[in-house]
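1. sequence unknown, structure follows:
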């Protein structure tokens with residue numbers, strides 16, 4: 001095998017438009033969805049710590065929020081903040097994707113469902129959430145809230 005270095009999506013913003021279009025065809029087959037310029041601009045402004053999988057999750061949520069054939073900036077903003085209105089209401093777009101440890105610990109404490117549901121609400125994969133929780137384990141807030149969460 002040969003190692004292949006692929007820079008993270010945040011370093012390849014020019015790839016977001018073609019990737020987004022290809023992913024839209026997968027997450028909403030047969031709908032012929034397109035991204036409005038404003039929606040694409042919001043995507044290109046994200047840091048994408050979860051890389052392409054995170055982009056796919058965002059597009060899937062935006063597709064569900066879109067009634068027509070074009071995902072606008074409004075639907076993209078809502079997909080970015082979906083389920084996190086109290087946390088990101090005053091925060092800039094994309095804040096849900098770059099939650100600090102204290103906010104993540106608070107969300108975990110307030111969350112009543114499974115970790116899978118929380119990961120979905122945060123727009124990250126379960127695996128990414130587990131990694132973040134593992135890094136939080138040393139803090140008192142995380143210790144209290146991680147116990148019993150499944």
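-> The structure has been received and is ready for your questions. Treat the numbers as computed from the prediction; the structure is a model and nothing was measured.

2. Counting neighbours, what do you get for residue 109?
-> By other C-beta atoms under 10 Å, 13 other residues sit near residue 109. Backbone N, C-alpha and C define where each C-beta goes, glycine included.

3. Now the element after whichever strand or helix holds it, going C-ward?
-> Here residue 109 is covered by helix 101-110, with elements defined by DSSP states H and E. Where DSSP H and E defines the elements, the next helix or strand beyond helix 101-110 is helix 115-122.

4. Would you map out the domains in the chain?
-> For the chain, the TED database gives the domain ranges 9-82, 101-141.

5. sorry, back to before: what angle sits between the helix holding residue 109 and helix 115-122?
-> Put simply, helix 101-110 runs at 130 degrees to helix 115-122, going by axes from the mean of the first three to the mean of the last three C-alpha atoms, to 10 degrees.

6. in the host helix or strand of residue 64, what counts as buried?
-> The secondary structure element spanning residue 64 is helix 51-65 (assigned by DSSP H and E). Using 16 or more other C-beta atoms under 10 Å as the burial criterion, the residues of helix 51-65 that qualify are 51-52, 54-63, 65.

7. Any idea how far that helix is from the middle of the chain?
-> In terms of C-alpha atoms, centre = their mean, to the nearest Å, the centre of helix 51-65 is set 7 Å apart from its chain centre.

8. And the next helix or strand past that helix?
-> With elements assigned by DSSP H and E, the helix or strand that comes after helix 51-65 is strand 70-71.

9. Just checking: what are the partner strands of that next one?
-> Strands flanking strand 70-71 in the sheet, each with its direction: strand 34-35 (parallel) (DSSP bridges).

10. Many thanks, we can stop here.
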